[in-house]
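**Q** Quick one, fold the following:
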Amino acid sequence: MTDPEQAARGQDPGRVHALIIGIEKYDAGAAWNLPGPARDALAFHRLLRTAGVPESHLRLHLAPLPPLVPDVPYRPADHATLRRTLVRELPTAEGEVLWVWWGGHGVLDRAEHLRLLCSDATVGDKVALDLDSALARYAGDAVPGLAEQLWLVDACETFEEALAFRDLLPADGLPVGRRNLAHRQSTLRAAGRGRAAANDPVRATGLFSEILLGLFGERAAELPGLPDPEELFSAVQVRMEALRAAGRTLQHPEIRLRSPRRTETLPPSEERALSPLGRAVDAFMDYPWTADPVERQAVVAALSPRIHATLPRHHKARTDITGILNALGRRGPEDLWELFDAVVSLDDDHGRRTELADALREFAAFLTQRRRPG
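**A** Numbering: from 1, shown residues only. Below is the predicted model of the structure:
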């Protein structure tokens, strides 16, 4: 049964569909084993089921490694089955929202297309789906519904030539149809161009997938509706930066946004020098409660009346935080520190507190310098 509150927020689970793929085992043999993607896919499946999405709307394709025995029905993840799902079955789904989750091996071909290897890939026959071709199909009239899409891809983007393949990857485009302006499509990719996506074989999870599952778990009340893609990307970057600092990975996620008004790729964080304001916003967004408008309001209400009565507000978390910081920055550094006190009284996590304090000091110094003549 549909939750009335979910329906009111445009998150009717009955209008949500998902394609969930986790490939751990390949026909190429044990050298290609990848413990983790099937487990991560099952965890994501559970999140959407808990959020009320009907089982029939969740197309789960797995190639698990033992001893994993999935406790829900699933279909295979071979090339023919996945292609049939993408080309013939899913495009006819009636609904507005599409989640796509893919975990497994990937390679960036010489045409700069990300090729996602299927479970029946072998050394001599590397059958794979062309992600860019699939995105093009799902952004045109071949898919009349599912206008709101989020594609989440945890796969390497190592250059094809770096892998010394004996044979080039075979061409495998999907039928595309006619382009239109009916879809809003965001694609969040784990690795970044030419990089590997780290996997933890002991804990059997992809690092990128683990971050996403953690973020979605913290925001479970917002599911099954899609998150704001830029807010999600920002939160992923913060957590991935911590893993890079700990020496656990070299990957830099990226996101591609396509809508009737905008087509843009936001580059990895190493290519984006955050402004002092951007760093301060990211420091706030790292607090899990910022996704909840009620909790954000509780923090604002803790400020003195002379402050909170004049603050601009917005229903989107990142826009809301940005507006608050800009408004307080214009008033003076002391108001920024009153906001800091309100935040840490609600959540005094040491790591987040330290980063927030450093970010606010940088932001305040930037504002002071900007106000100086000349």
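**Q** Now do the SS call for Ala38.
**A** Under the three-state scheme (DSSP: H, G, I helix; E, B strand; the rest coil), Ala38 adopts helix.
**Q** Tell me the confidence at it?
**A** Listed pLDDT for Ala38 reads 97.
**Q** wouldn't it be in contact with Pro64 here?
**A** Yes. The pair Ala38 / Pro64 is scored as a contact, 3.9 Å apart, by CB atoms under 8 Å. Where you see a C-beta, it was placed from the backbone N, CA and C, and this is true even at glycine.
**Q** So between those two, which is more surrounded?
**A** Legend: neighbour count by other CB atoms under 10 Å for Ala38 and Pro64, higher for Ala38 (27 against 21).
**Q** Now Arg83: phi and psi?
**A** phi -60, psi -40 (degrees, to the nearest 10).
**Q** what number of residues lie near the spatially closest residue to it that is not a sequence neighbour?
**A** Residue nearest to Arg83 in three dimensions, not counting chain neighbours: Leu129, with 6.8 Å by CB to CB, 6 or more residues apart in numbering. Residues near Leu129, counting by other CB under 10 Å, number 22.
**Q** Each with direction, which strands does the host helix or strand of Leu129 pair with?
**A** In this assignment (DSSP states H and E), Leu129 forms part of strand 128-130. Paired with strand 128-130 in the same sheet, following DSSP bridges, are strand 114-117 (antiparallel).
**Q** Now do the partner strand: distance to the chain's middle.
**A** 18 Å (CA atoms, centre = their mean, to the nearest Å).
**Q** Dump it to PDB, restricted to CA.
**A** Only the C-alpha atoms of strand 114-117 are listed here, as PDB (Å, rounded to 0.1, in the frame of the first residue of the first chain):
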ATOM      1  CA  LEU A 114      32.500   2.800 -20.300                       C
ATOM      2  CA  ARG A 115      32.000  -0.900 -21.000                       C
ATOM      3  CA  LEU A 116      30.400  -2.900 -18.200                       C
ATOM      4  CA  LEU A 117      31.400  -6.600 -18.400                       C
END
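**Q** What sits closest to Val238 if chain neighbours are left out?
**A** The nearest residue in space to Val238 (CB to CB, 6+ apart) is Asp286, at 4.9 Å.
**Q** same question but for His113, I mixed them up
**A** Closest residue in space to His113, ignoring its immediate chain neighbours: Asp132 at 4.4 Å, by CB to CB, 6+ apart.
**Q** Next, that neighbour: secondary structure please.
**A** Going by three-state DSSP: Asp132 is helix.
**Q** Quick check: it vs Arg258, distance?
**A** Asp132 sits 12 Å away from Arg258 when distances are taken as CB to CB, to the nearest Å.
**Q** Remind me which helix or strand the spatially closest residue to Gln11 that is not a sequence neighbour belongs to.
**A** Nearest non-adjacent residue to Gln11, counting by CB to CB, 6+ apart: Gly225, 3.5 Å away. Gly225 is part of no helix or strand, with elements assigned from DSSP H and E.
**Q** Same check on Leu311?
**A** Applying DSSP H and E, one finds Leu311 in no helix or strand.
**Q** For it, give its distance to Ala18.
**A** Leu311 sits 37 Å away from Ala18, going by CB to CB.
**Q** Comparing these two, which shows the higher neighbour count?
**A** Neighbours were counted for Leu311 and for Ala18 using other CB under 10 Å; Ala18 has more, 23 against 18.
**Q** Across the sheet, point out what pairs with that one.
**A** Here Ala18 sits in beta bridges with Leu58, Trp99, going by DSSP bridges.
**Q** My understanding was that it contacts Ser56; is that so?
**A** No. Ala18 is not in contact with Ser56 according to CB under 8 Å; the separation is 11.1 Å.
**Q** about what we covered before: so the residue nearest to Arg83 touches Val87, yeah?
**A** No. Between Leu129 and Val87 there is no contact under CB under 8 Å: 10.3 Å.
**Q** shared neighbours, those two?
**A** Common neighbours of Leu129 and Val87, counting by CB atoms under 8 Å, 6 or more residues apart in numbering, are Leu174.
**Q** Now do the strands in the stretch 251-374 of the chain.
**A** 254-259, 262-266 (DSSP state E, counting those that start in this stretch).
**Q** Point to the helix or strand of the protein where mean pLDDT is at its lowest.
**A** Counting by mean pLDDT, DSSP states H and E, the chain has its least confident helix or strand at helix 4-8, which shows a mean of 42.
**Q** Got the domain ranges for this protein?
**A** 4-271, 276-368 (automatic domain parsing).
**Q** which of those sits most buried?
**A** Most buried of those by mean neighbour count (mean count of other CB atoms under 10 Å) is domain 4-271; its value is a mean of 18.
**Q** rank the domains of the chain by pLDDT, which is bottom?
**A** When I compare the domains of the chain, domain 276-368 is least confident, with a mean of 85.
**Q** Between the two ends of it, how far is it?
**A** Length of domain 276-368, first residue to last, CA to CA, to the nearest Å: 12 Å.
**Q** And stretch 14-34, by the same measure?
**A** Termini of stretch 14-34 sit 33 Å apart (CA to CA).
**Q** picking that back up, is the residue nearest to His113 in contact with Leu116, as I believe?
**A** No. Asp132 is beyond contact range of Leu116, at 10.4 Å (criterion: CB under 8 Å).
**Q** what's the single longest helix in the chain?
**A** Using DSSP state H, we find that the single longest helix of the chain is helix 350-371.
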